[in-house]
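Undergrad: Just the structure for this:
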Amino acid sequence: MPTQPPDDELELIRQSGVALRVGRLSLSAGTGSYRVKASMARVARAMGVERHEAHVTLTEITTTSHRGNSFRTEVAEVRSIGINADRLAKLEVLASSLERRAVVNERPVTTDEVTAELDRITGTPPLYGPIRNALWSSIACVGFSFLNNGGPIEMACVFVGAGLGQLLRRAMLHRGYNQFGVTMLAAAVACMTYLTLVQGLHSLGATNALHQAGYVSAVLFLIPGFALVTGALDLAKLDFSAGVARLTHALMLLSSAALAVWGVSAIVGLSPEPGKRLALSTGVLLLLRFVASFVGVLGFALMFNSPWPMALAAAGVGMVANVVRLELVDVGVVTQAAAAGACLLVGLMAAWVAPKMRVPRITVSVPAVVIMVPGVTAYRAVFYLVNGDTTQALAYGVQAGLVVVAISIGLAVARMLTDQAWAFER
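TA: Prediction:
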């Protein structure tokens, strides 16, 4: 008959399981491995664990909790990966409050206390239902559409196409369908809806042009911005297993959407060429860039299940930084340098805003930079690659890749300037 472990070892087992649960919730909500490790370690310390170590990848967590001569190692797998900014914020507040409570009370918090808080967080439903979530997707893509030189016709059709695509995507993902297949289907629905509407308006005589250039903007809600940014930041922290896995996941999602765009293009005989810039005065263009950038970032933040205050903060940060980026490009600054400078600005502003709101910095910075991710350029690279035009594919692919690297560098430098844990190797 097996021997029952002593009470202190049983308590360590419970504490280890609770800390691991914090990590699973954080990882499934879309944050990077650095934040997952930090959250688990803070909660473990608050419960009285002397040392907590973890290895985190895209879908797996391995942890070891130490106290005295005892230790507990556990492994967990997280197969459901999504973005839930509200949950990330609640977990951040929980970790901070538990640390504070342990210091004030001069005793560790109990596993029952932490479990009750985690049950409350887990039981919190999404802030926005399917219809409103699809609406946020539509709003984000309308902002993208204008910034990609789309006019009123393109923006109206993008609004409908992106909304239907996101509505389908959310419904299928909640039913457990494969992410990559769902991404391809949602992209195809968004593209076909856009093109059907444009063709219908043209047939009715409402427009003289087919406005074909805007259909790529209808699928930009599928850009894996969180995965791209958190993967790059994991690499900056020398966490290669998590960083490479996240970037691979992001590239696979991007390729799935791009292949669907290519399939629609091949069926209807279109090419995702850039549209011509609208003939607007400098002042009007600048004003509309502010509006489109604010709306685009706000839509993405709300789509990521951010509460309104958090979403508005991200939109304000992203609006300023993105307009700075666009103005720099207009005066001749290299696209990659403009992106790096704008993202450095995002990181610095997020470092000031996020602590005041008691939310993770990533919930402000990532929505703010998603609008800078060159999704249209990446889609064009896959389109030309599949069509066998390797020269064009390489040109667009290198351009998109360098911009993503520049975005990562800007955010990483901002973290190094404002966070000692990033500035020094320990």
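Undergrad: Need the three-state assignment for I61.
TA: strand (DSSP: H, G, I helix; E, B strand; the rest coil).
Undergrad: so it touches A76, yeah?
TA: Yes: shown here, I61 and A76 form a contact pair, counting by Cβ atoms under 8 Å, at 4.9 Å. C-beta: built from backbone N, CA, C; applies to glycine.
Undergrad: Between the two, which has more neighbouring residues?
TA: Each of I61 and A76 has its neighbours counted (other Cβ atoms under 10 Å); I61 has more, 23 against 15.
Undergrad: List the contacts of the more buried one.
TA: Under the criterion of Cβ atoms under 8 Å, 6 or more residues apart in numbering, the neighbours of I61 are 20, 23-24, 27, 36, 54-55, 75-76, 78.
Undergrad: repeat for A41
TA: Going by Cβ under 8 Å, 6+ apart, the list of residues near A41 reads 19, 52, 54.
Undergrad: What about those residues, which are in strands?
TA: Among those, the members falling in strands (DSSP state E) are 52, 54.
Undergrad: Could you identify the buried members of the contacts of A41?
TA: 19, 52, 54 (16 or more other Cβ atoms under 10 Å).
Undergrad: Could you dump those into a markdown table and include pLDDT and distance to T124?
TA: Shown next, in a markdown table, are the buried ones among the contacts of A41 (pLDDT from 0 to 100; distance: Cβ to Cβ, whole Å):
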| residue | pLDDT | distance to T124 |
| --- | --- | --- |
| A19 | 95 | 20 |
| H52 | 93 | 25 |
| A54 | 93 | 25 |
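Undergrad: from those, which single one is nearest V386?
TA: Nearest to V386 out of these is A54 (Cβ to Cβ; 40.1 Å).
Undergrad: For the buried ones among the contacts of A41, give me a markdown table that also has distance to S96.
TA: Below are those laid out as a markdown table (distance: Cβ to Cβ, whole Å):
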| residue | distance to S96 |
| --- | --- |
| A19 | 15 |
| H52 | 17 |
| A54 | 19 |
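Undergrad: What is the nearest of the residues you listed to M252?
TA: Closest to M252, out of all of the buried ones among the contacts of A41 and judged by Cβ to Cβ, is A54, at 25.1 Å.
Undergrad: Helix, strand or coil: sort out L280 for me.
TA: Per three-state DSSP, L280 ends up coil.
Undergrad: Leaving out chain neighbours, which residue sits closest to it?
TA: Using Cβ to Cβ, 6 or more residues apart in numbering and skipping residues adjacent in sequence, the residue nearest L280 is L288, 7.0 Å away.
Undergrad: what are the phi and psi values for S281?
TA: phi -70, psi 160 (degrees, to the nearest 10).
Undergrad: Next one, pLDDT for it please.
TA: S281 carries a pLDDT value of 85.
Undergrad: Could you give the number of residues near it?
TA: Count around S281 with other Cβ under 10 Å applied: 8.
Undergrad: Same check on C343?
TA: By the other Cβ under 10 Å criterion, the neighbourhood of C343 contains 28 residues.
Undergrad: which residues does it contact?
TA: The contact partners of C343, taken as Cβ under 8 Å, 6+ apart, are 321, 369, 372, 406-411, 414.
Undergrad: Filter the residues you listed down to the ones in helices?
TA: Here DSSP state H is the test, and these give 321, 369, 406-411, 414 as lying in helices.
Undergrad: What residues of the helix or strand harbouring S256 count as buried?
TA: Using DSSP states H and E, S256 maps to helix 240-268. Applying a neighbour-count criterion of 16+ other Cβ under 10 Å, one finds 242-243, 245-247, 249-251, 253-265 buried in helix 240-268.
Undergrad: and if you look at stretch 41-53?
TA: Within stretch 41-53, the residues scored as buried using 16+ other Cβ under 10 Å are 41-49, 52.
Undergrad: do stretch 123-136 as well
TA: 127-128, 133-136.
Undergrad: Start and end of that stretch, how far apart?
TA: 23 Å (Cα to Cα, to the nearest Å).
Undergrad: avg pLDDT for that stretch?
TA: Here the average pLDDT along stretch 123-136 is 95.
Undergrad: now it: how far from the chain's centre is it?
TA: For stretch 123-136, the gap between its own C-alpha mean and the chain's C-alpha mean amounts to 16 Å (Cα atoms, centre = their mean, to the nearest Å).
Undergrad: can you check stretch 88-103 too?
TA: With Cα atoms, centre = their mean, you get 23 Å for stretch 88-103.
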